[in-house]
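>>> Have a look at this prediction, sequence included:
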Amino acid sequence: MLGWFSPVTVTLKIHLQKIWQLWIEWDQSISQDLADYWKTWRKELPLVTELPIHRYYYHHNKERLHLQLHGFCDSSQVAFAGVVYIRATYTDTSVSITLVIAKSKVAPLQTQTIPKLELCSAVLLSKLLSTVSRELNIDLKDVFAWSDSTIALGWINTSPHRLKTYVANRVVSIVDPIPANHWRHVSSPDNPADLGSRGTTAGVLVKSQLWWSGPSWLSQPPDYWPVQKLQIQTTSLPDVKSTALTIETHQPNEDITSRFSSFSRLIRVVSWMYRFINNARSKLPDRVFSSQLSVQELQVSATVLFKLHQQHFMSKELAALKTKVAVSVSSPLHSLHPILDCHGVLRVGGRLSQSGLSYSQCHPVILHKKAHLSKLIVHHLHIDHFHAGPTLLMGLLAQCYYMIGAR
């Protein structure tokens, strides 16, 4: 069956489904309105014999230049349909449009949304186009599929893994034979499949130019076809999986220092990183290309590491000093009278600044003994001073650092 009269037969299918829903026994009479519809349908059915059907899909007495397949699909609340036409172009520039095949199905009893039924109609059309193109040896590049559902077209142009199961399974069935780039949008008044999805009488169908020859623009050059300006955001489509993002934060100082077992190596790596960043931000004349790191670059890197360390272990004290508020009495830094230097590093305060000692000795950098950075510094001083003992090591630390809880 080629389904040429499916808009007529689908109405009978719809009413037969209604009868099944009423659970009428075989020996019971149907309601009067259903009986009247059946009588009207049967009375008009002979009208289809008045319609001449051409034996050929195209003019056999003309030289063909090009063949195309155009399929249309549509759905209503009660049924969905697909219809396929062959468009033949001849050497004399004339064009013929011929109905090849059509098919209608009643909608499932389980209630579905119109967009999902439109997707079912696209599945039906995809199968029809695949079958006809294979039987008539028409190349896939000459196959066009049309739908008036923007949501269904949006689903077809979305990767199935982003769609929920029901929609994803049908999208795969659609794009496997007819890829997404072959699908186009058509307005509802120009969609002949609308007749197949809603049904009509035999009298109307026989006279329907839209059903037998497709929309009027189909016989025109492609420049006259509907302009495709359809742009659908995936986020606005229904039945798209929501993506949950989990953000895990790490303290930057721990991420950096825990990767190293040597303080000097850590300082050098950070220095090279900062040189690269500064060179990338600077103009060519201001870039540094030396193969050696300067003392200033090493000092800047050490300052950065100290600040990251203190932001992790002494954030409350830093926040208080930045707002010029006294450090809490309960803080282990309270007795140290901490201060912030010009670089924002937390140091021990007090009156030693009046002595002749260097700035680092008067105001050592405050570190926490549990930090990996502190362990690297202790290990560095221990090795650098030929495995110095505990007493000497504490003296060396005190020249530049104050390590909370160190013994």
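Structure's in. What do you need? Numbering: from 1, shown residues only.
>>> Where in the protein is the helix or strand with the lowest mean pLDDT?
Comparing every helix and strand of the chain by mean pLDDT, DSSP states H and E singles out helix 252-257 as the least confident one, with a mean of 61.
>>> Now the next helix or strand after it: buried residues?
Helices and strands here follow DSSP states H and E; after helix 252-257, the next one along the chain is helix 263-281. If you call a residue buried by 16 or more other C-beta atoms under 10 Å, then helix 263-281 has these buried ones: 263, 266-268, 270-271, 275. Backbone N, C-alpha and C define where each C-beta goes, glycine included.
>>> which helices and strands does helix 263-281 pack with?
The criterion is 3 or more C-beta pairs under 8 Å, 6 or more residues apart in numbering; DSSP states H and E, and the helices and strands that helix 263-281 contacts are helix 252-257, helix 295-313, helix 372-384.
>>> How far off centre is that helix?
Taking C-alpha atoms, centre = their mean, to the nearest Å, one finds the center of helix 263-281 at 37 Å from the center of the full chain.
>>> thinking again about what came up before, which one of the buried residues of helix 263-281 is nearest residue 375?
Nearest to residue 375, judged by C-beta to C-beta, of these is residue 263 at 9.0 Å.
>>> hmm, back to that, list just the nearest of the buried residues of helix 263-281 to residue 189.
residue 275 (67.7 Å).
>>> In contact with the closest one, which residues?
Residue 275 is in contact with 288, 293, 297, counting by C-beta atoms under 8 Å, 6 or more residues apart in numbering.
>>> how would you label residue 318: helix, strand or coil?
Under DSSP: H, G, I helix; E, B strand; the rest coil, the three-state class of residue 318 is helix.
>>> If you could redo that for residue 292, that was the one I meant.
Using three-state DSSP, the structure places residue 292 in coil.
>>> For it, grab phi and psi.
Dihedral angles of residue 292 (phi, psi; degrees, to the nearest 10) stand at phi -120, psi 150.
>>> where's residue 329, which helix or strand?
Following DSSP H and E, there is no helix or strand that holds residue 329.
>>> distance of the closest residue in space to residue 177 that isn't next to it in sequence from residue 73?
Once flanking residues are discounted, residue 177 sits nearest to residue 130: 3.7 Å by C-beta to C-beta, 6 or more residues apart in numbering. Per C-beta to C-beta, to the nearest Å, residue 130 is found 13 Å from residue 73.
>>> Which SSE is immediately downstream of the strand or helix carrying residue 155?
Using DSSP H and E, residue 155 falls within helix 150-156. Of the helices and strands lying after helix 150-156 in sequence (DSSP H and E), the nearest is helix 165-175.
>>> Below-threshold pLDDT in the stretch 201-350 of the chain: ranges please.
Low-confidence regions of the stretch 201-350 of the chain, defined here as pLDDT under 70, cover residues 230, 243-255.
>>> 50 - rerun?
Across the stretch 201-350 of the chain, the stretches falling below the confidence threshold (pLDDT under 50) are 252-253.
>>> that older thread, same list, the contacts of residue 275, but as a markdown table with neighbour count and distance to residue 23 please.
Formatted as a markdown table, the entries for the contacts of residue 275 read as follows, by neighbours: other C-beta atoms under 10 Å; distance: C-beta to C-beta, whole Å:
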| residue | neighbour count | distance to residue 23 |
| --- | --- | --- |
| 288 | 12 | 89 |
| 293 | 16 | 89 |
| 297 | 20 | 88 |
